[in-house]
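Peer 1: sequence plus the predicted model coming up.
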Amino acid sequence: MTITCYSGCYLSTMVYHDNKMLLTFDDCLPTFMIDENISSLNKEDIQWLLKLSLSWDQLGPLSDANPSTFANNSALSFRSKVISAAADMMSSLGLKDIGRLAQPVTHENAIFLVTIRFLVDITHVPVITTQWCDFDKMFKKQHPCAGMDRVMKESISGINFFESSQIPLEKGLYVAYLKMHSSMKSIRLVVPDNLPSVLPYVAVRPNPHITKDEWEWIQAIDHNQDLRPTVSQRAFHRQLSKAINSLLHDLDVDPDLVPGHRMFTSEILRLNKNVSMILILPKPEDVCSAPSTSSHASDQFEQRRGCTSISVSVFDMIHLSTYCPTFIAAYCKLSIFLEHFVMISQFEQRKSMSEVDSKVYRTQWEALTEFSRRLDSVWAECRWITRIGSLARDKTAKCSIPLSRLLAPIMFADYVDPGYGSDLSGPERPDFLANPLSRFPRPASMNISPSMNLSDIDLPLTRRRHRSTERAKARAVHSQPITDTQENGCAVVVVFAAFDCGLENGKKDSEQTCSVRLSISPLTTSAEIVALVVEQLTKAAARSKGVELVIPPFDEYCLVVVIGNRERRLRDDFAVLKLNSPWNSGKIFVRRKDNICSAVNRGNEELV
């Protein structure tokens, strides 16, 4: 293993379990050098590495050749060295799978290819050359080189991306927003910052299927047909319009630009058997923004609305890994195998001295190339982002319906609602259509799934204030985490503060163990509890000191459960009442994300 990393390309692996990371006895991540002369990677190499990280079991057939044999072919030489380094990593860690590739980390002249793997069972990991280290201790340790320090600092963000990219949407129908940014090197796609495997979305309803009757109504609106909607068509139109308005509002779309947006009608995306999606598109010229010198400003704008941008190739891999894992695994294995031996056949043909050998390698190359072409055609059909993105930018394509038409008031001249028996003799204009971006709470269907809540998208300020006034009645108490369960499934929980909340109770320590009692439902998520606790304690501290109220950013805090010296950090979209044994008997804390040990320390102090 390599300790000092100053220049070149290196392979590092993050293997973690709960709150521990696997390190060498030098307190470094397991790292092997790939090539000391490489300090950058092209797009093709990154794509190949992404596929390799999903097919480590193919390493055997690919690692027979000696990397030095291909010294005259830079691409083949680099890939052979990567395969050799990966084989060494597997051998040293005793693992057959070293995880998925994360965003490469660069530092001066060094580039680190980092793979991330979560282990459920750590009994088979050898402890002869490695050790388990707590995260808080890992960050305090001094490392041999600045490059390794940089990798360690990026580890938390890499792990968060790794975990959030594997969370699928719950069963239902969704509307999603397609927006891309182009640069000189790649095209990047806007995704939620804590759910990067899907586009920014809002739930329409729990049922993922659209009936023929419902879709005929959408087509009738598109063609300006004068039809009278049925009860089901009217209900679907209401659900869809409300979800679209909520999505555009959460993404801070200018109300003046809403009429220029469109709903994609050429197809309804079916991510898997449980999830369907309808796309909302900007104007053709705004689907993909042109390259500019203010890319940093674009990133900041996306962050303000709870989003980030990733390359389309990365999105394709993590999206299909989440929703079609069997397909993407088979594709990666075939693609890695074919690419490798196509390059070897071509290399051997070029250096052949005999005409017979050259003919053999050429025949082999042609056969492998034909298989590769067929596989690429299958892959192109599955990359719906590229296909729909190209269609959405075509101004002549008839693939969508303007939102100005879809969200327009529906005329019900002589429609009688059998459910209520009322005669609507004039045009009906629902409240949510009066203003295309009126402020709504999230649709009720959004609360069906704990994984449907996004950080900023799914916790708008109005919803937070409503919940804090109607449901959160906080007072400082000391009791068990779940004190009472009501008949409707709601429960009372006690959440402790493992941060300096500014309240004084006579203790000398500035970080007081204050607590808040909350009544929550089975659908209440960790992010909502964090928002309530931080807001209530901040208000209480401001009142007690007579100072101006300044509520800190909620995304700097997280919810954890502590049992003894063990801590479990809960995802923002996790429903707290779904905790299983033994964690449902632990203490619930809110702590700052950058203060890893505070909750465990406060929990142990309470025991003393």
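Peer 2: Here it is on my side, so go on.

Peer 1: CA only for contacts and neighbour counts going forward, please
Peer 2: Fine.

Peer 1: quick check, Met541 in contact with Val534.
Peer 2: Just to correct that, residue 541 is Ala rather than Met. No - between Ala541 and Val534 there is no contact under C-alpha atoms under 8 Å: 10.5 Å.

Peer 1: part of a helix, is Glu548?
Peer 2: No - assessed with DSSP: H, G, I helix; E, B strand; the rest coil, Glu548 is coil; it does not lie in a helix.

Peer 1: quick one: contacts for it?
Peer 2: Counting by C-alpha atoms under 8 Å, 6 or more residues apart in numbering, Glu548 touches Ala542.

Peer 1: I'd say Arg205 and Leu173 touch.
Peer 2: Yes - with contacts counted by C-alpha under 8 Å, Arg205 reaches Leu173, the gap being 5.5 Å.

Peer 1: element containing Gln233, please.
Peer 2: For Gln233, the element it lies in under DSSP states H and E is helix 231-250.

Peer 1: what helices and strands are in contact with that helix?
Peer 2: Helix 231-250 sits against strand 172-177, strand 201-205, helix 212-222, helix 431-434, with contacts defined as 3 or more C-alpha pairs under 8 Å, 6 or more residues apart in numbering; DSSP states H and E.

Peer 1: next, the angle from it to helix 212-222.
Peer 2: The directions of helix 231-250 and helix 212-222 differ by 60 degrees, with axes from the mean of the first three to the mean of the last three C-alpha atoms, to 10 degrees as the criterion.

Peer 1: ok so, going back, more neighbours: Ala541 and Val534, which one.
Peer 2: For the pair Ala541 and Val534, the greater number of neighbours falls to Val534 (22 against 18), based on other C-alpha atoms under 10 Å.

Peer 1: distance of the more buried one relative to Lys333?
Peer 2: Separation of Val534 from Lys333 (C-alpha to C-alpha, to the nearest Å): 48 Å.

Peer 1: residue contacts, Ser544?
Peer 2: Ser544 makes contact with Leu503 under the criterion C-alpha under 8 Å, 6+ apart.

Peer 1: low-confidence ranges in the stretch 151-300 of the chain?
Peer 2: Where the stretch 151-300 of the chain drops to pLDDT under 70, the residues are 291-298.

Peer 1: got TSV for the helices and strands packed on helix 231-250, with distance to Met138 and mean neighbour count too?
Peer 2: Formatted as TSV, the helices and strands packed on helix 231-250 follow (distance: least, C-alpha to C-alpha, whole Å; neighbours: other C-alpha atoms under 10 Å):
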stretch	distance to Met138	mean neighbour count
strand 172-177	39	23
strand 201-205	37	28
helix 212-222	55	15
helix 431-434	52	14
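
Peer 1: Glu285 is nearest to which of these?
Peer 2: When the helices and strands packed on helix 231-250 are compared by C-alpha to C-alpha, strand 172-177 sits nearest Glu285, at 15.2 Å.

Peer 1: could you pull out the buried residues of the helix holding Gln233?
Peer 2: Under the neighbour-count criterion of 16 or more other C-alpha atoms under 10 Å, helix 231-250 has 233, 236-250 buried.

Peer 1: out of those residues, which is nearest to Phe139?
Peer 2: Using C-alpha to C-alpha, the buried residues of helix 231-250 come closest to Phe139 at Asp250, 35.9 Å.

Peer 1: how close does the closest one get to Arg405?
Peer 2: Distance of Asp250 to Arg405, computed by C-alpha to C-alpha: 21 Å.

Peer 1: could you list the low-pLDDT ranges of the stretch 301-450 of the chain?
Peer 2: For the stretch 301-450 of the chain, the ranges with pLDDT under 70 are 409-450.

Peer 1: could I get the full set of helices for it?
Peer 2: 312-323, 325-351, 355-382, 384-393, 403-406, 431-434 (DSSP state H, counting those that start in this stretch).

Peer 1: right, so these: which one is the most enclosed?
Peer 2: Across the helices of the stretch 301-450 of the chain, the average number of neighbours (mean count of other C-alpha atoms under 10 Å) peaks for helix 312-323, which reaches a mean of 20.

Peer 1: the helix holding Gln233 to strand 201-205, inter-axis angle?
Peer 2: For helix 231-250 against strand 201-205, the angle by the same axes, to 10 degrees is 160 degrees.

Peer 1: can you list the helices of the stretch 301-450 of the chain in CSV and add distance to Leu101?
Peer 2: Formatted as CSV, these follow (distance: least, C-alpha to C-alpha, whole Å):
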stretch, distance to Leu101
helix 312-323, 10
helix 325-351, 13
helix 355-382, 20
helix 384-393, 21
helix 403-406, 39
helix 431-434, 44
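
Peer 1: His124 is nearest to which of those helices?
Peer 2: The closest of the helices of the stretch 301-450 of the chain to His124 is helix 325-351. By C-alpha to C-alpha, the value is 24.7 Å.
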